[in-house]
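Trainee: Sharing a model prediction with you, sequence too.
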Amino acid sequence: MARKTRVIRGAVVVLYVRAKPVRPNAGAVLARKAAVEKAFSNVHHLAKLNSSELNDLPYDSPTGMLYSFFRITYQDLYTTNDCRGPVCEFSGPELTCSPIACLSGSVTSHLNGQLERGIADGGVTEVSLSTCEDLTPDVTNWASFPNVNDAWCISNTQFIAFAGNWILGVFIVVWIITFLVLVVSVLDCLLFYSMKRDQFRAGVVFAAPEQTPQLSSDGVTPIQPPVVRVVVAANV
C-alpha cells in the first residue's frame with residue numbers, strides 16, 4: 001500500500017493508496033497452450049503414417065510443411081555432424097543397410113537407432129524408398145553427403161515419432177503451467193474484490209498528529225493540524 005501526504009487547509013492528509021494487484025496474463029498462456037496443442041496434433045498425425053503414406057502428403061498443407069521442417073532438421077543434423085552412410089540395398093523385400101558414422105558418438109548412436117527401427121517398423125519398400133528419394137530436395141553440398149536422403153527416407157517415421165514424444169513432454173509442461181496460472185488468476189481476482197469490498201466506506205479517518213508537538217515561548221502547546229488518513233482505490 002503506497003503512502004502519499006498532502007496538506008489541505010491546514011490539515012495534514014495522509015493518503016494510503018491501495019494498488020491493484022498485477023494479474024498473470026492468462027490469455028497469452030492460453031494462446032501458447034493452443035499453439036502447442038495444434039503442433040502436437042499435427043505431429044501425432046504424422047507419427048501414425050508409414051513411409052509410403054508420408055510420400056503422399058500434400059506439401060502445401062500444415063502437416064506437409066511440418067514434414068518438410070523435420071526433413072530439413074534431420075538433414076542439418078546429418079551434415080553438421082559430418083555423417084556418412086548408410087549404404088542400403090534390397091534383397092527381395094528385405095532391406096539391409098550399413099551403419100551411419102558421424103563425428104559425434106551420441107549423434108551416431110541416435111541416428112543408427114532410428115535407422116534400425118525404420119528398417120524394422122517404418123514400412124519401407126523399394127518403391128516407397130525410391131519415391132521418397134525423388135521427392136526429397138538435395139542438400140546444398142550433396143556431393144559431400146550422397147547418402148543423407150537415404151538416411152532420411154528410411155528413418156523419417158522414427159525421427160517424427162521421436163519429435164512427437166518430445167513435443168508431448170512440452171505439452172504436458174505447458175498444460176501444468178496453464179493450470180497453475182489460471183488458479184493464481186482466480187485466487188488473485190477473489191482477493192482483489194474481497195479487499196475492495198472491505199475498504200472504508202467513510203473514506204476519511206481522523207487520527208492524532210504524527211509530528212512531535214512544539215512548545216511555544218509561554219509554555220502553551222499550540223494547536224497542531226489534524227492528521228487525516230484516507231484510504232482510496234488505485235483508480236481514484
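Mentor: Great, that's in hand. Numbers count the residues shown, from 1 in each chain.
Trainee: then stretch 63-75 to PDB, C-alphas only?
Mentor: Extracted in PDB, the C-alpha atoms of stretch 63-75 (Å, rounded to 0.1, in the frame of the first residue of the first chain):
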ATOM      1  CA  THR A  63       1.200 -31.400 -42.000                       C
ATOM      2  CA  GLY A  64       3.200 -31.300 -45.200                       C
ATOM      3  CA  MET A  65       5.000 -28.200 -44.200                       C
ATOM      4  CA  LEU A  66       5.700 -29.700 -40.800                       C
ATOM      5  CA  TYR A  67       7.100 -32.800 -42.500                       C
ATOM      6  CA  SER A  68       9.400 -30.600 -44.600                       C
ATOM      7  CA  PHE A  69      10.600 -28.900 -41.400                       C
ATOM      8  CA  PHE A  70      11.500 -32.300 -39.900                       C
ATOM      9  CA  ARG A  71      13.300 -33.300 -43.100                       C
ATOM     10  CA  ILE A  72      15.400 -30.100 -43.100                       C
ATOM     11  CA  THR A  73      16.100 -30.600 -39.400                       C
ATOM     12  CA  TYR A  74      17.300 -34.100 -40.000                       C
ATOM     13  CA  GLN A  75      19.500 -33.100 -43.000                       C
END
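Trainee: May I see the buried residues of it?
Mentor: Using 16 or more other C-beta atoms under 10 Å as the test for burial, stretch 63-75 gives Thr63, Gly64, Leu66, Tyr67, Phe70, Arg71, Tyr74, Gln75. Yep, even glycine has a C-beta here, placed from its N, CA and C like the rest.
Trainee: Could you export those residues as TSV, including distance to Gly123 and secondary structure?
Mentor: As requested, the buried residues of stretch 63-75 are arranged in TSV below (distance: C-beta to C-beta, whole Å; DSSP: H, G, I helix; E, B strand; the rest coil):
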residue	distance to Gly123	secondary structure
Thr63	18	helix
Gly64	19	helix
Leu66	20	helix
Tyr67	16	helix
Phe70	17	helix
Arg71	17	helix
Tyr74	18	helix
Gln75	21	helix
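Trainee: Return the closest of the residues you listed with respect to Cys189.
Mentor: If you rank the buried residues of stretch 63-75 by distance to Cys189 using C-beta to C-beta, Leu66 comes first, at 37.9 Å.
Trainee: quick one: what helix or strand has the closest residue to that closest one other than its chain neighbours in it?
Mentor: The spatially closest residue to Leu66, leaving aside those adjacent along the chain, is Asn42, at 5.1 Å (C-beta to C-beta, 6 or more residues apart in numbering). In the assignment (DSSP states H and E), Asn42 maps to helix 26-47.
Trainee: same check, this time on Val139
Mentor: Using DSSP H and E, Val139 maps to neither a helix nor a strand.
Trainee: List the contacts of it.
Mentor: Contacts for Val139 (C-beta atoms under 8 Å, 6 or more residues apart in numbering) come out as Gln75, Thr79, Phe145, Val148.
Trainee: what's the most distant pair in these?
Mentor: The span of the contacts of Val139, defined through C-beta to C-beta, is set by Gln75 and Phe145 at 8.2 Å.
Trainee: Which parts of this structure are helices?
Mentor: Taking DSSP state H as the criterion, the chain carries its helices at 26-47, 51-55, 62-80, 105-121, 126-135, 148-197.
Trainee: burial count for Thr136?
Mentor: 18 (other C-beta atoms under 10 Å).
Trainee: wait, isn't it in contact with Cys153?
Mentor: Yes - if you go by C-beta atoms under 8 Å, Thr136 and Cys153 touch, sitting 6.5 Å apart.
Trainee: so can I have TSV of the contacts of Val139 showing distance to Ile167 and pLDDT?
Mentor: Converted to TSV, the contacts of Val139 look like this (distance: C-beta to C-beta, whole Å; pLDDT from 0 to 100):
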residue	distance to Ile167	pLDDT
Gln75	20	96
Thr79	24	96
Phe145	27	95
Val148	24	96
